[in-house]
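Chemist: pasting the sequence and the predicted model now:
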Amino acid sequence: MKPMPHLQKLEAEAIFILREVAATCEKPVLLYSIGKDSAVLLHLALKAFAPGRLPFPLLHVDTGWKFREMIEFRDATTKRLGVDLLVHINPEGLAQRIGPLSHGSAVHTDVMKTQGLKQALDKYGFDAAFGGARRDEEKSRAKERVFSLRSADHRWDPKSQRPEPWALFNTRKAQGESFRVFPLSNWTENDVWDYIALENIPVVPLYFAKPRPVVRRNGALIMRDDDRLTLLPGETLEMRSVRFRTLGCYPLTGAVESAAATLPEILAEMRQSRVSERQGRVIDHDGASSMEKKKQEGYF
Amino acid sequence: MRAALALTESRLPEASPASPATVAQPAQKSLLRFITCGSVDDGKSTLLGRLLWETNSVFEDQAEALARDSEKFGTTGKAIDYALLVDGLSAEREQGITIDVAYRYFSTLRRSFIAADTPGHEQYTRNMATGASTADCAIILIDARKGLLPQTRRHSYIVSMLGVRSVIVAVNKMDLVGYSEETFRRIEADYRALVPALGFTEVHVVPLAAREGDNLSSLSPRMRWYRGATLLDLLETIEAPLRQDARFRLPVQWVNRPDAEFRGYSGTIAGGEIRVGDPVTVLPRGQESRIARILTPQGEAQAAGAGEAVTVTLGHEIDVSRGDVIVSTGSGLKPTRRMTARLLGLADAGIEPGRTYLLKLGTGLVRTRVSMIHYGVNIEDYVETPSARIALNGIGLATLEVETEIHATRYSECAALGSLLLIDPINNETLALGTIDQVVLPAAPDTAGTSPHVVETLVRLLVPADATTPEARSRHLSWRLASALLVALPVGLVTGSAGLGLAAAIGDVLLRTLGRAGHDRLWRAIGALRRRRAQDTLGLDGGGI
C-alpha cells in the first residue's frame, strides 16, 4: 500500500471524528459560520454520512452584522444541500441594540457571539457542537484538544484537558457537560484552500477579489456593507479591489487588497502571503492572550 | 553533494507562480508527524520555533508580535526568542516553560509536517506520551553541556513503547561547548548504547545550535567535522515505517441506514486491504459474508486500504453494530477476553488491581477488570520491579479481563486495535493509556469436558504471573509437572506405594504454588515500600520550572 497523501489523511481523520461524535453523543450540532472552514466542515460531514442524511442540524449564531453576501450564501447553500439550519440571535442583545460600532468589538463579541452561542446550545440542549477551528490559527488554539470538554456553564479549563493519545477519544461526559469538537484541528489555512480547490467546494464570493467600497479605519480596510456604517470626519469611501481571508461581522473584518479573483489566483497569493489570516480580525487584538481568555469564557 | 543539492531545492520558497503543476502538487505531498522531546531547558520550543522560522512558516504580523514578546518575556536578552512562537498559554509564557502539547504545522516542497512540541518536565509525561502516540518520528534533544539525563531515558522509553522506530537525537547548544567534536562523540556513544534496549531501527545523531540555526537547515561552518545531514534534511527524507500487518480489519464506527434499501457499516480501516467480493467475518459473533460495495470519500471504489474512512455493505443481512470488527475470513483473527498491556498512568487516581474500568479500544467501550499488575517499569533505568499500582506518569504491565469478547491485537501488529484507554466509570476521567503486549486467546476447544474457564484458573495458579506468552506458560507448566514427578518417583520407590508417591506429588504442587504466591506478595510489598521511598527523594528531579 502506498502511504496516503497529506490531504487524504486529513480528510479521513476529520470524517472519523465526525462519525465518532454522531455515534457517541446524544444531540450534536454543526456550528455553521458560513466561512471557508465551515464550508469544508459541512462538505466533510456530508461525505461522512453519505448516502444517508446528516444526523445533526446546522446552527448559525447570527449577530445581525454579518456581510449580506454571507447570509445569501448561507440560505442558498442549506437549500441546495437540503440540510436543516437553525439560526439564533441573542434577543437581549437585539433589544439593547448591541453592535460593534456603538459598543466596541469586545462587548459586541461577548454579547452577540459568546452569550448568543451559549443561549442557543442551552435552548436546544445540544451536547456536542462541531466547530471549524484549526490549531494553526492562533497560539492558544494550538493547545486545544479535538474533543474540548466544557462545563455545564460552557467554560474551558486549559489545565484540565483530557489527554488524547492516538485517535482514541474519551467521549464520556456528565449530565450538563458538553463537547466542542474540532475535526479540522490539524488542517492549515493552505490545506483548507487546497481542499476547496480539489473538491470544488463553493465558498462565499467575498473571498474573491472585486472592487468594493472600503474605508480605512484603525489601519484596517473596512467594507461598507450597509448604511449603518457612517463615515467619521476625515474618512473617505473608496472603491478598491479587495478580498477577505476570514469572514465575520463586517465592521470587524479587515479586507486585503488583492487582484486574486479565481481559486488558482488565491492559492498562488496564499503561498506568497507573509501575514497571518487573523491579522484582519479586529477582535484578536483586544489584549494579550485575548483568545485564551475568550475561550475560557465560552467563546468557540 | 546530493544532500546539498536537495537542500537548495527545499529552501526554495513555495511562492512559485500558479502553474497547474503547483496547484495539483499539495494534495500529493507526504505527511510526517514528529514529536520534539527532551529535558527541561534543552531548547525544544526554541528548536521548533526556529524550524518554523526557517521554513517561512512565520507570518509578518506574528514576527512583529514575536519581537515585542521577546523583549517582554524573552530569555535571550534583546535577541529573538523563538520559543515564544510555540508557547501559547499565558502561564507558559510567564514561566518560560511548556506545559501542554502544542501542535505546529509547516511544509517544505517535499513534505508537510505536523510537529508536536511536548513538555520536558516529569509531571507532564502524560502530555508527552500523547504527542508520541501519533508520531512517525521523534526528535530527542540533549543539552550538549549535560549529556544524557534521566528525562532522555524516560522519553526514549515512552517513544519506544508507543511504537516510534525512527529517532533523531539532536545534541543541542553546541555553541555552549565550543562546538567540541569530542563532547558530541561522547554523547553519541552514550545514546547509541541505549538503543538495543529500545528497539529503534533508525537513529541519527546531529550536533545543533538551535538558537543560531547551526545544522538546522544548512550545514554549520563552525562544525566542519560533522559530515551528516542537517536536521531539516533528515526530517524531509526519513521513512516512517508502516506499523501494521497486512490482515484486513475494519472497526465498525457507525451504522449507516438511511432507508430499508441501504445498510452500510462505516469506519476507518485499521489494517490491510479489502476488495469487493472478499469474504469477511464479523467479530465477535463470527457471522460470515462478502463485501458487496465500498464507498470512500472519493466515491464508490473496488478496493480500499489502511487509513481510509469507508462505508461498506455486505452481501447478507446480518446484525452488525458499533464496536464490532469486520475482518477478512480465514485470517485467523479471533475475539478475546484477556490481554496483557503496558499501561501509562494519566491521572492522579492511578490504576489498581482488582478494580473495574471502562476500556476504550477501537470503536468499542467495554467494562474491564485489571486482574493483576505484573510489574512496574522504572523508566529511567528500564528495570522491572514489583508494583502494587500504576501511578500518574508511571508505567507497568497489567492483565486486563474484559467483560465481553472483543477483537484486539498486539500493538506492534496494528496500532489502531492494539491501543487502549482506561476510563473511570464514575467521573469519566481518562486514567491510563495502554499498548497491548499479548492477547490471550480462549483455550482451544479440544480440552473436552473441562470448561475453558477452569483450565485458565488452573493455569493461572500454577504459572508465575510474568509468563505472559503462551510458550512461556507451557514451559512453566511442563516443568512444574516434571518437578512434581521428580518428587513422586523417589517417594514411590522408597515407600513402594504408588498412592504415597501421588500424594507427595500433589502436595509438592500445592505447597509450592501457595508458597510462591506468599513469597511474591512479600516482594510486592517490599517493592512498593522501596518505590515510595524513591519517589520521596526523586521529587526534585528536573526542577527546571
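Modeler: Received, thanks. Numbering: from 1, shown residues only, chains lettered A, B, ... in the order given.

Chemist: contacts and neighbour counts: CA atoms only from here.
Modeler: Fine.

Chemist: what residues does the stretch 401-545 of chain B put near chain A?
Modeler: Listed as neighbours of chain A in the stretch 401-545 of chain B under the rule CA under 8 Å from any CA of the partner chain: B:Ala416, B:Ser419, B:Leu420, B:Leu421, B:Ile423, B:Asn427, B:Asn428, B:Glu429, B:Thr430, B:Leu433.

Chemist: just the CA coordinates of the lengthiest strand in chain A, formatted as CSV?
Modeler: As assigned by DSSP state E, the longest strand anywhere in chain A is strand A:210-217. Once non-C-alpha atoms are left out, strand A:210-217 reads as follows in CSV (Å, rounded to 0.1, in the frame of the first residue of the first chain):
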residue,chain,number,x,y,z
LYS,A,210,-13.6,42.5,-6.7
PRO,A,211,-13.9,46.3,-6.5
ARG,A,212,-15.7,47.0,-3.2
PRO,A,213,-16.5,50.2,-1.2
VAL,A,214,-14.0,50.4,1.7
VAL,A,215,-12.9,52.9,4.3
ARG,A,216,-9.5,52.8,6.1
ARG,A,217,-10.1,52.7,9.8
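
Chemist: contacts for it next, please.
Modeler: By CA atoms under 8 Å, 6 or more residues apart in numbering or on different chains, the residues outside strand A:210-217 that reach it are A:221-225, A:235-243, A:259, A:261.

Chemist: same question, stretch B:316-329
Modeler: B:247-255, B:265, B:274, B:278-284, B:287-290, B:333, B:362-365, B:406-407.

Chemist: picking up where we left off before, in helices only, show me the residues of the stretch 401-545 of chain B next to chain A.
Modeler: Mapping these onto helices (DSSP state H) picks out B:Ala416.

Chemist: got a winner among the contacts of strand A:210-217 for most neighbours?
Modeler: With neighbours taken as other CA atoms under 10 Å in any protein chain shown, the top of the contacts of strand A:210-217 is A:Met223, carrying 26 neighbours.

Chemist: got the contact list for that residue?
Modeler: A:Arg212, A:Pro213, A:Val214, A:Val215, A:Tyr250, A:Pro251, A:Gly254, A:Ala255.

Chemist: how about these, which pair is most distant?
Modeler: A:Arg212 and A:Pro251 (14.0 Å; CA to CA).

Chemist: who's more crowded, the two?
Modeler: Shown here are A:Arg212 and A:Pro251; by other CA under 10 Å, A:Pro251 has more neighbours (24 against 19).

Chemist: the more buried one and A:Ala220 touch, don't they?
Modeler: No: using CA atoms under 8 Å, A:Pro251 is not in contact with A:Ala220; the gap is 9.9 Å.

Chemist: which helix of chain A spans the most residues?
Modeler: Chain A, longest helix under DSSP H: helix A:6-24.

Chemist: average pLDDT for that one?
Modeler: Mean pLDDT, helix A:6-24: 96.

Chemist: ok, and what's touching that helix?
Modeler: A:28, A:44-45, A:47-49, A:55-56, A:128, A:171, A:183-184, A:186-187, A:191, A:195, B:26-31, B:112, B:253-254, B:267-268, B:297, B:307-309.

Chemist: just stretch A:47-66 next, same as before
Modeler: Everything outside stretch A:47-66 that qualifies as a contact, by CA under 8 Å, 6+ apart, is A:15-16, A:18-19, A:22, A:27-33, A:45-46, A:83-90, A:99, A:112-113, A:116-117, A:120, A:248-251, B:256-258, B:297.

Chemist: so which bits of that stretch are buried?
Modeler: Within stretch A:47-66, the residues that qualify as buried are A:47-56, A:58-66, counting by 16 or more other CA atoms under 10 Å in any protein chain shown.

Chemist: likewise for stretch A:181-196?
Modeler: Applying 16+ other CA under 10 Å to stretch A:181-196 flags A:181-189, A:191-196 as buried.

Chemist: any weak-confidence spans in chain B?
Modeler: B:1-27, B:40, B:59-63, B:70-80, B:84-99, B:120, B:241-245, B:443-477, B:513-521, B:523-545 (pLDDT under 70).

Chemist: how does chain B divide up, domain by domain?
Modeler: Per the record, chain B has its domains at B:2-237, B:249-328, B:336-440, B:452-537, by automatic domain parsing.

Chemist: can I get those domains in TSV including mean neighbour count and distance to A:Arg162?
Modeler: Below are the domains of chain B laid out as TSV (neighbours: other CA atoms under 10 Å in any protein chain shown; distance: least, CA to CA, whole Å):
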stretch	mean neighbour count	distance to A:Arg162
domain B:2-237	20	9
domain B:249-328	20	21
domain B:336-440	22	7
domain B:452-537	15	25
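
Chemist: so which of these comes closest to A:Lys143?
Modeler: Of these, nearest to A:Lys143 by CA to CA is domain B:2-237, at 4.9 Å.

Chemist: pull the distance from that closest one to the chain's centre.
Modeler: Mean-position distance between domain B:2-237 and its chain equals 20 Å (CA atoms, centre = their mean, to the nearest Å).

Chemist: just stretch B:236-253 next, same as before
Modeler: Worked out by CA atoms, centre = their mean, stretch B:236-253 lies 14 Å from the chain centre.

Chemist: how about stretch B:277-296?
Modeler: Relative to where its chain is centred, stretch B:277-296 has its mean C-alpha point 29 Å off (CA atoms, centre = their mean).

Chemist: first-to-last residue distance for it?
Modeler: 16 Å (CA to CA, to the nearest Å).

Chemist: tell me which stretches of the stretch 51-200 of chain A form helices.
Modeler: Taking DSSP state H, counting those that start in this stretch as the criterion, the stretch 51-200 of chain A carries its helices at A:68-81, A:91-95, A:100-108, A:116-124, A:189-199.

Chemist: does chain B sit close to the last one?
Modeler: Just to be clear, that refers to helix A:189-199. Yes: using CA under 8 Å from any CA, we find that helix A:189-199 touches chain B at A:Asp194, A:Tyr195, A:Leu198.
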